[in-house]
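Visitor: could you look at this predicted model? Sequence included:
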Amino acid sequence: MNVTTHINNVHPNAQIHPSVEVGPFVTIEEDVVIDEGGWIGPSAVIHSGTRIGKNVSIYPGAIVGGVSQDLKYRGEESILVIGDNVIIREYCTLNRGTKANYATKIGNNCMLMAYVHVAHDCVLGDYCILSNNVNLAGHISVGDHAIIGGMAAVHQFVKIGEHAFIGGGSLVRKDVPPFVKAARTPLSYVGVNSVGLKRRGYSTETIHHIQDIYRLLFVRGHNNTTAIQKIREEIQDSDERARILEFISETERGLMRGFRAL
């Protein structure tokens, strides 16, 4: 462990790979594991129960692995798991899980910009980007490659599908299915995330296929039951169709609104 000569409070039982660089005035508690290649910036705090993967950068003032802010939390054992190649910018607050799910999880290659809050029992997939001041309440699920714009607030138990893009300043009270763009107030479907999908190798044909599905679900004015029936009858089967229908079948809070012209 490469620790600066400034005052630090690093517990001797913390398991920190020798290659990890620890800046000044950092606090690392006892039950912490940090894999190789990381950097812990000045004045960061890493609480017990935190498990950090390889090449993770934690910027100044971040508080990682704090106890849940859930009033039902009674001090039970829980953890925060952070994958490889994650960037955690200044003053992020990332909480451990509770007895409900035991763990809060952040996948590989994620970027959490300054002042992001990730509450207890959230699960983020790989390659997620949370812009400045995004706030996630408890028990939220975010799929791979999802992007959430700055100042967005997400209600507890909401599910956000993979490759979704949520506009800045949004209030996310309902589930957001995969591959879509969501914005406006109340949060509504504003199209397929075609730019993001192209960047990730999706063909134009596949993107048009996804657009056809969401026209039936969100644009034509059908209720969800009718839209699902029409999707099954009119849209060719595919991995994308199966994933969208699976997401809809699992929603508990209901889906965001369909397209509404301004």
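Guide: Right, received. Where do you want to start?
Visitor: low-confidence ranges in the stretch 1-150 of the chain?
Guide: Residue ranges of the stretch 1-150 of the chain with pLDDT under 70: 1-7.
Visitor: recalculate using a threshold of 90.
Guide: 1-8 (pLDDT under 90).
Visitor: who's the closest residue to Ala14 other than its chain neighbours bridged to?
Guide: In space, Ala14 comes closest to Val32 once its chain neighbours are excluded; the distance is 4.4 Å by CB to CB, 6 or more residues apart in numbering. C-betas here are computed from N, CA, C, even on glycine. The residues listed as beta-bridge partners of Val32 by DSSP bridges are Thr50.
Visitor: relative to Ala227, how far out is Val32?
Guide: From Val32 over to Ala227 the distance is 48 Å, taken as CB to CB, to the nearest Å.
Visitor: over to Arg241?
Guide: If you measure Arg241 against Ala227 using CB to CB, the figure is 12 Å.
Visitor: neighbour count winner among the two?
Guide: More crowded of Arg241 and Ala227, by other CB atoms under 10 Å: Ala227, with 22 against 17.
Visitor: can you tell me the SS state at that one?
Guide: Under DSSP: H, G, I helix; E, B strand; the rest coil, the three-state class of Ala227 is helix.
Visitor: in the stretch 151-262 of the chain, where is pLDDT below threshold?
Guide: Low-confidence segments of the stretch 151-262 of the chain (pLDDT under 90): 259-262.
Visitor: all strands for it, in order.
Guide: Chain-ordered strands for the stretch 151-262 of the chain, with DSSP state E, counting those that start in this stretch as the definition, fall at 153-154, 159-160, 165-166, 171-172, 180-183, 188-192.
Visitor: nearest to His208, out of those strands?
Guide: Nearest of the strands of the stretch 151-262 of the chain to His208, taken as CB to CB: strand 188-192 at 9.0 Å.
Visitor: which helices and strands sit right next to the closest one?
Guide: Applying 3 or more CB pairs under 8 Å, 6 or more residues apart in numbering; DSSP states H and E, one finds that strand 188-192 contacts strand 180-183, helix 204-214.
Visitor: go again with 6 Å.
Guide: Contacts of strand 188-192 with other secondary structure elements, assessed using 3 or more CB pairs under 6 Å, 6 or more residues apart in numbering; DSSP states H and E, are made with strand 180-183.
Visitor: who's in contact with the strand it packs on?
Guide: Ala164, Phe165, Ile166, Gly167, Val176, Tyr189, Val190, Gly191, Val192, Asn193, Met256 (CB atoms under 6 Å, 6 or more residues apart in numbering).
Visitor: kindly recompute the last result at 10 Å.
Guide: Contacts of strand 180-183 with the rest of the structure, by CB atoms under 10 Å, 6 or more residues apart in numbering, involve 147-149, 152, 160-161, 163-170, 172, 174, 176, 188-196, 210-211, 214, 217-218, 244, 255-257.
Visitor: no further questions, thank you.
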